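J.: here you go, sequence then predicted model.
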Amino acid sequence: MGHNQTFDGSAAGEHVYQVDPFNRFPNQASRIDGVAGDQPLPFDAYVFHGAPIEVPGGSLRFTLHLPGLQAGSQILLLEVINRSSVPGSAWSRLKIEGVHLSDVIANGGVWHIDVEGWPQVQYACAGYIHDEGALSAQALLLTVNMPFRVATPAPLAEAPQHTATDQPSHIAVRPRIAGPQTPSFANPSSQPWTLAQTREPAFREQMLKLGRSEQAPADPWAWADAIILQIFDRYQTVFPKARGLAIDIAEFTLAANILKRDCPLTLLRIETDFAVCFDAGASIDELATRHAEHRAEILRAVNITTVNPGNIPEDFERQFNFAWWVAPKFTTRLDVQNVLHVLMKGLRAGGMLVLVMPFSRTVPVSPEEAGGLTRTDIERLTLDTISHGHDVAQLRFNTSEEDQAFDPVPYALIARRGDD
């Protein structure tokens with residue numbers, strides 16, 4: 001496959017150039033049958049790993065073409081990695097997007113991932129599918145929207161590892177803010193708790209990791225930490241040395257799980273000129289005493305910081321790879337909006353935030369009677385977040401009648417800091 005051939009499906013007036021999508025494993029099979037070699041898969045989730053390229057600079061669009069794609073509900077993770085052209089530079093993750101293959105099929109078997117290209121930087125695009133199930137396509141083509149040259153050495157001699165220099169997962173901005181899909185614990189988007197999710201094997205697995213196997217599945221708030229952990233695992237957000245940011249981790253089970261992954265944590269206290277709005281929950285000494293079994297990890301890898309939303313210090317901004325907050329059961333949209341603003345400021349470009357808030361399906365008669373945020377509140381939060389250049393995973397609200405007995409219930413909003 002020549003790397004400077006024009007692809008027939010290119011947009012009018014724009015040249016699109018083909019990249020060898022199987023450069024790293026040229027003779028080996030892909031998770032998608034019918035598109036690659038006949039040798040065994042290099043690893044279970046492998047779909048493709050394109051040739052490293054160098055571009056003149058500018059907006060760089062990798063486009064995956066999968067004509068005749070046959071798939072179920074699997075999620076494709078599209079990743080772009082980069083490194084300096086200086087000899088000896090290491091690869092790091094620039095962006096990763098998760099997309100349902102059903103959306104790729106609906107889009108004509110085509111999907112894009114965009115990054116900003118710079119001279120003297122090498123880029124490569126790869127794809128992975130961790131879900132089981134049959135997959136096939138007539139072909140797999142990878143193109144870019146500008147002339148390039150294949151970087152040397154052509155094969156990727158060292159695969160990028162998930163290190164602290166990586167930037168975590170990107171959640172694709174969908175054409176529809178809210179979708180009709182039923183919430184799935186195994187394949188989460190922005191969504192509320194449902195009883196059906198507590199019956200999924202993935203939910204039970206995460207509850208075991210949190211030491212909560214005996215908790216009743218019908219307790220909606222037992223779901224909150226489990227869905228945060230599932231989202232972080234699903235989008236490969238938590239990796240060694242990645243820095244986490246959280247508010248109030250008094251129960252500590254989720255934090256303990258993340259600390260065991262060699263991730264330092266910062267507990268955030270948000271205060272205004274008048275009062276402390278949201279507290280970190282305890283001092284480091286109190287945490288270490290309360291959770292003696294994790295004392296060494298707490299003293300080594302946990303710290304507390306205080307931020308005033310009106311005067312956020314520079315040494316707080318863009319410092320963290322991921323963040324989370326489980327809001328109190330009686331929290332207003334304005335509270336959530338203020339916390340979301342602060343947490344987003346702390347994230348690096350590409351950093352992921354999971355914010356669990358109370359969600360009520362009923363509209364209160366008055367603000368005093370509000371038991372949680374309404375769908376309209378969540379949609380307004382989403383639009384505000386997008387308007388500031390960030391991404392939000394598609395919203396889901398579709399629930400069954402058996403869930404109506406619980407109100408409010410937790411709702412997990414997934415957001416990613418934009419590349420501003």
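T.: Nice, thanks for sending it over. What you are looking at is a predicted structure, and each value in this text was computed from that prediction instead of being measured.
J.: use CA for all of it now, contacts and neighbours both
T.: OK.
J.: tell me the pLDDT at Glu402?
T.: Listed pLDDT for Glu402 reads 81.
J.: then Leu101?
T.: Per-residue confidence for Leu101 comes out at a pLDDT of 93.
J.: what do you get for His3?
T.: Residue-level confidence at His3 comes out at 32, pLDDT.
J.: ok, now which ones touch Ile270?
T.: 276-279, 306-309, 339 (Cα atoms under 8 Å, 6 or more residues apart in numbering).
J.: packing partners of the helix or strand harbouring Glu97?
T.: Counting by DSSP states H and E, the secondary-structure element that holds Glu97 is strand 92-100. Applying 3 or more Cα pairs under 8 Å, 6 or more residues apart in numbering; DSSP states H and E, we find strand 92-100 packed against strand 75-84, strand 170-171.
J.: could you dump these into CSV and include mean pLDDT?
T.: CSV is the format used below for these (pLDDT from 0 to 100):
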stretch, mean pLDDT
strand 75-84, 87
strand 170-171, 43
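J.: can you tell which of these is closest to Thr376?
T.: With distances scored as Cα to Cα, the stretch of these nearest to Thr376 is strand 170-171 (21.7 Å).
J.: ok so, going back, deepest-packed of the helices and strands packed on strand 92-100, please.
T.: strand 170-171 (a mean of 26; mean count of other Cα atoms under 10 Å).
J.: next structured bit after that one?
T.: Next in sequence after strand 170-171, counting helices and strands by DSSP H and E, comes strand 178-179.
J.: distance from the chain centre to that next one, please.
T.: Relative to the centre of its chain, strand 178-179 is centred 17 Å away, using Cα atoms, centre = their mean, to the nearest Å.
J.: which residues are contacting that strand?
T.: For strand 178-179, the external contacting residues (Cα under 8 Å, 6+ apart) are 394-397.
J.: which of those residues lies closest to Arg361?
T.: Phe397 (9.3 Å).
J.: ok, the closest residue in space to that closest one that isn't next to it in sequence to Val238 distance?
T.: Nearest-residue entry for Phe397: Gln191, 6.3 Å, with adjacent residues in sequence omitted and distances by Cα to Cα, 6 or more residues apart in numbering. Distance of Gln191 to Val238, computed by Cα to Cα, to the nearest Å: 21 Å.
J.: can you lay out the helices and strands packed on strand 92-100 as TSV showing distance to Asp248?
T.: Shown next, in TSV, are the helices and strands packed on strand 92-100 (distance: least, Cα to Cα, whole Å):
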stretch	distance to Asp248
strand 75-84	31
strand 170-171	25
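J.: restrict the strand holding Glu97 to CA atoms and write it as PDB.
T.: As requested, the backbone C-alpha atoms of strand 92-100 are provided in PDB (Å, rounded to 0.1, in the frame of the first residue of the first chain):
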ATOM      1  CA  SER A  92       3.300   8.800  24.800                       C
ATOM      2  CA  ARG A  93      -0.400   8.800  24.400                       C
ATOM      3  CA  LEU A  94      -1.800  11.900  22.900                       C
ATOM      4  CA  LYS A  95      -5.500  11.000  22.600                       C
ATOM      5  CA  ILE A  96      -7.800   8.000  22.900                       C
ATOM      6  CA  GLU A  97     -11.400   7.900  21.900                       C
ATOM      7  CA  GLY A  98     -14.000   5.100  22.600                       C
ATOM      8  CA  VAL A  99     -16.700   4.600  20.000                       C
ATOM      9  CA  HIS A 100     -19.400   2.000  19.700                       C
END
